[in-house]
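A.B. asks: Just need the structure, nothing else, for what follows:
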Amino acid sequence: MRYDSVILRSSCYLKFAVLADTHIPHRARALPQRAYDIIEKTDAIIHAGDITSVEFLDELAKLKPLHAVLGNNDFNIDVPKTLNLEIEGIKIAVVHETGSKEGRARRLSRRFPNARVVVFGHSHIPLNEEVDGLLLFNPGSATDRRRQPQHTMGILTIAGGQVLAEIVPLD
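C.D. replies: Residues are numbered from 1 along each chain as shown. Predicted structure coming up:
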């Protein structure tokens with residue numbers, strides 16, 4: 001099964017459910033129901049790694065077109081380490097780990113010079129921040145909040161050459 005399916009085109013907007021660090025089945029058996037409800041209302045899913053099971057990856061791919069990258073806890077999962085997507089003219093890079101938050105925007109600008117958005121995971125810390133025209137977007141974790149106050153996921157909406165990014169609490 002391929003996990004980098006073709007994006008659907010829309011004349012109005014495209015909406016993406018954004019996940020990372022789900023660690024299913026190691027941290028949870030499934031996503032919270034609210035996450036599934038959000039996914040149902042989107043056009044596609046982006047997963048920024050630490051999926052941890054082919055079964056869960058297959059489940060997501062059956063729900064919506066799926067774009068996923070490898071996380072540091074993903075073994076025997078056939079997805080790339082990075083993805084470069086172009087959706088309605090917006091270039092989106094997807095990667096799991098970005099290193100220290102110190103200098104992150106500079107590093108990612110060099111690594112993905114044409115990207116307008118970089119979606120990443122690893123820290124389980126939600127981040128929705130624009131730095132010098134580059135949107136840094138970490139959806140947090142829907143299943144393993146660690147020291148965060150809530151479980152979260154993200155939504156990216158692309159319309160008319162613009163990007164709207166939202167962190168959505170699931171608790």
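
A.B. asks: if I pick residue 150, what's in contact with it?
C.D. replies: 140, 169-171 (C-beta atoms under 8 Å, 6 or more residues apart in numbering). Heads up, the C-betas are built off the backbone N, CA and C, glycines and all.

A.B. asks: For this structure, which helix extends over the most residues?
C.D. replies: Longest helix in the chain by number of residues (criterion: DSSP state H): helix 54-63.

A.B. asks: picking that back up, where neighbours are concerned, which of the contacts of residue 150 has the most?
C.D. replies: residue 140 (28 neighbours; other C-beta atoms under 10 Å).

A.B. asks: Hmm, residue 167 and that residue touching each other?
C.D. replies: Yes - Residue 140 lies in contact with residue 167 (C-beta atoms under 8 Å); the separation is 6.6 Å.

A.B. asks: list residues touching both of these two?
C.D. replies: Common contacts of residue 140 and residue 167, defined by C-beta under 8 Å, 6+ apart, comprise 126, 152-154.

A.B. asks: ok so, going back, averaged pLDDT, the following helix or strand past the longest helix of the chain. What do you get?
C.D. replies: Using DSSP states H and E, the helix or strand that follows helix 54-63 in sequence is strand 66-68. Averaging the model's pLDDT scores along strand 66-68 yields 97.

A.B. asks: How far off centre is strand 66-68?
C.D. replies: Counting by C-alpha atoms, centre = their mean, to the nearest Å, strand 66-68 is centred 8 Å from the centre of its parent chain.
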